[in-house]
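# sequence first, then the predicted structure:
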Amino acid sequence: MYLKAYPWIMRQFWDRVRDGMSAGEAGLAVGVSVHSGRRWFADAGGVRPKFLDEGPRKRPRLTLGERVVIDVGVRMGRSIRKIAEELGRAPSTVMREIERNAFCYGRYRQRYRFGAPKKGGRDAKPRYRAAGAQARAQQRARRPKPGKLAVNARLHDEVQTRLLEKYSPQQIARRLQLDFPDDGACQMVCVAVAPDEWSTICGCDR
């Protein structure tokens, strides 16, 4: 199986080698073939390279293919850790996905989720389906989130009043920090409010 040697994949590979896996086993663990793992090991002379690129700050969102793996794992009663290992994801990511996109109130119990013997009850096995979970995730991604000014009436009124008085957004941000030193929302306005939100939310043309 071919998988591009991204820096974060290579780091996972070498972490497994450090933990005692052979090069071939480490390759399989990160989703490539035994041959690829051995080749990576040989090309580096058996010495872990220095990684200058720290990789992406966030892992990409779960794909439909990954959700299919979760779907199969849930149906077969696998533990969260086992499913996470197959995906190369954190167990918390898999658990959050199941809790967010399952089609009932059931969930993996705390003891069961990390590989302990399965317990009975309606929450021992949630009804998770990959296609439905993908649709829900896409729907949430398209749903616009309200801005800071839209959900904070006091902050909205202060900004609107000052915009009408011809203050610039930068001046408003500085004044809010001085005038409301104990108000966390006002303190954060200079970094939390998107530039286009000033005019959109307040109905002004500045």
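Perfect, thanks for sending it.

# please report phi then psi for Val72.
phi -60, psi -40 (degrees, to the nearest 10).

# how much space separates it from Ile172?
Between Val72 and Ile172 the computed distance is 53 Å (Cβ to Cβ, to the nearest Å). Using the backbone N, CA and C atoms, a C-beta is placed for each residue, glycine as well.

# with Pro60 instead?
For Pro60, the distance to Ile172 - Cβ to Cβ - is 37 Å.

# which one of these two is surrounded by more residues?
The residue with more neighbours, out of Pro60 and Ile172, is Ile172; 23 against 7, by other Cβ atoms under 10 Å.

# hmm, that one is touching Val159, no?
Yes. Counting by Cβ atoms under 8 Å, Ile172 touches Val159, with 5.9 Å between them.

# could you chop the protein up by domain?
For the chain, automatic domain parsing gives the domain ranges 1-57, 64-142, 148-202.

# what stretches of this structure score poorly on pLDDT?
Applying pLDDT under 70 to the chain flags residues 1-5, 51-59, 104-125, 142-152, 169, 182-206.

# ok, 80 please
Applying pLDDT under 80 to the chain flags the ranges 1-8, 45-47, 50-60, 103-126, 139-160, 162-164, 166-206.

# helices of that one, start to end?
Along the chain, counting by DSSP state H, helices occupy 7-18, 23-29, 34-43, 64-75, 80-87, 91-101, 110-113, 130-142, 148-151, 153-164, 169-179, 184-192, 197-202.

# what helices or strands is the fourth one leaning on?
When you say that, I think you mean helix 64-75. When contacts are defined as 3 or more Cβ pairs under 8 Å, 6 or more residues apart in numbering; DSSP states H and E, helix 64-75 packs onto helix 80-87, helix 91-101, helix 130-142.

# for Phe13, find the nearest of the ones you listed.
helix 80-87 (14.3 Å; Cβ to Cβ).
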